[in-house]
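Undergrad: Sharing a model prediction with you, sequence too.
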Amino acid sequence: MKIDALSAEIGGRGVLYDINLEVGPDDWLAIVGGSGAGKSTLLRAMIGLRRPAVPTAGTIDFDGTPYTVTGRGAARPGGMAFVPQSPAHGFDPLRRLRWQLAQLQRRLGARSDVAALLDTLALPDPGPRYPHQWSRGMQQRLLLAMALMGDPRLLLLDEPTSALDPVVAARVLQEVGRLAEQRGFAVVMVTHDLALAARYATRIAIMEGGRIVEAGPAAAVLTRPATPYARELVTHRHWHTAETQHVAV
Ligand SMILES: Nc1ncnc2c1ncn2[C@@H]1O[C@H](COP(=O)(O)OP(=O)(O)OP(=O)(O)O)[C@@H](O)[C@H]1O
């Protein structure tokens, strides 16, 4: 994916300014930054969602198919899957999980082995349960399984571990990494947690005030931060990165 000069606003107020970003087929990009920096807005723009933020400029090219994000009814190409931050935004609360899984399977055709995916993500068969009868963490993992059922080439994760305890979070992200390698998809992950980005991402983009203030290979951003905000984020930490072990800063 290549994003060129993307800007967006909510109710006339700018929330993204001149975003330029590339994600390669084998990348795991972490978008890091404080609350309100625009991380979720950027992720939503990537997948073509035009609410609440409306893109006002820019183009996005995915897999060689450029699409203008500003046009009305701008259609995004297939091949992307999005897992929202809150499971409440992913499920119909009044339908059994089993029914929701079956609907998706029907729509996609039998592209993935659902039982194997559930097993990989340490989930039982949902049986007759409704969404509220599963913990938020289980719901979030089920949304991830459902995103992977469509065999995406790009998986977009918004705060994927926010509902998970640290042990489960590590296991889930490890599985995502394994599946990404096995099935050949790229990952874009929004997170507050720079340690998480350091552990899994190959590239890191740091956002502040709707702008990307720094982006590059994870090891470079973590060891040689060029901007004051990035320096503040990474100072006095010992990071384990996907590329290097024990990068001492
Ligand atoms: N529904 C909304 N209505 C009005 N403003 C919004 C809405 N959603 C987001 N914003 C504003 O857009 C800006 C970017 O928000 P966004 O959620 O993208 O930030 P974020 O970096 O993902 O934050 P967080 O880490 O807290 O989720 C913020 O200033 C936020 O207040």
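TA: Received the coordinates, thanks.

Undergrad: Distance check, residue 106 against the ligand.
TA: Distance of residue 106 to the ligand, given as C-beta to the nearest ligand atom, to the nearest Å: 32 Å. Quick note: C-beta positions are derived from backbone N, CA and C, even for glycine.

Undergrad: what do you get for residue 105?
TA: For residue 105 relative to the ligand (C-beta to the nearest ligand atom), the value is 31 Å.

Undergrad: SS state for that residue?
TA: Per DSSP: H, G, I helix; E, B strand; the rest coil, the local secondary structure of residue 105 is helix.

Undergrad: which residue sits closest to it in space, ignoring its chain neighbours?
TA: Nearest residue to residue 105 in three dimensions, chain neighbours excluded: residue 114, at 6.4 Å (C-beta to C-beta, 6 or more residues apart in numbering).

Undergrad: tally of neighbours for the one you found?
TA: 19 (other C-beta atoms under 10 Å).

Undergrad: For the remainder of this discussion, apply numbering that starts at 114.
TA: Yep, numbering from 114; the last one is residue 227 now.

Undergrad: Show the pLDDT at it.
TA: Residue 227 carries a pLDDT value of 86.

Undergrad: Same question for residue 246.
TA: 95.

Undergrad: Give me the distance between it and residue 149.
TA: 33 Å (C-beta to C-beta, to the nearest Å).

Undergrad: do residue 195 as well
TA: From residue 195 to residue 149 the distance is 20 Å (C-beta to C-beta).

Undergrad: Get me the contact residues on this protein for the ligand.
TA: By C-beta under 6 Å from any ligand atom, the residues of the chain that approach the ligand are 123, 128, 146, 148, 149, 150, 151, 152, 153, 154, 165, 305.

Undergrad: you'd agree the last one is up against residue 148?
TA: The reference is to residue 305. Yes - here residue 305 reaches residue 148: they are 7.5 Å apart, a contact under C-beta atoms under 8 Å.

Undergrad: What is the burial count for residue 284?
TA: Neighbours of residue 284 under the rule other C-beta under 10 Å: 15.

Undergrad: three-state assignment of it?
TA: helix.

Undergrad: Phi and psi next, for the residue nearest to it when sequence neighbours are not counted.
TA: Spatially, and ignoring its direct neighbours in sequence, residue 284 is nearest to residue 235 (6.8 Å; C-beta to C-beta, 6+ apart). Here is the backbone geometry of residue 235 (degrees, to the nearest 10): phi 60, psi 40.

Undergrad: What's the per-residue pLDDT of residue 235 here?
TA: 87.

Undergrad: okay, which residue is most central for the chain?
TA: residue 270 (2.1 Å; C-alpha atoms, centre = their mean).
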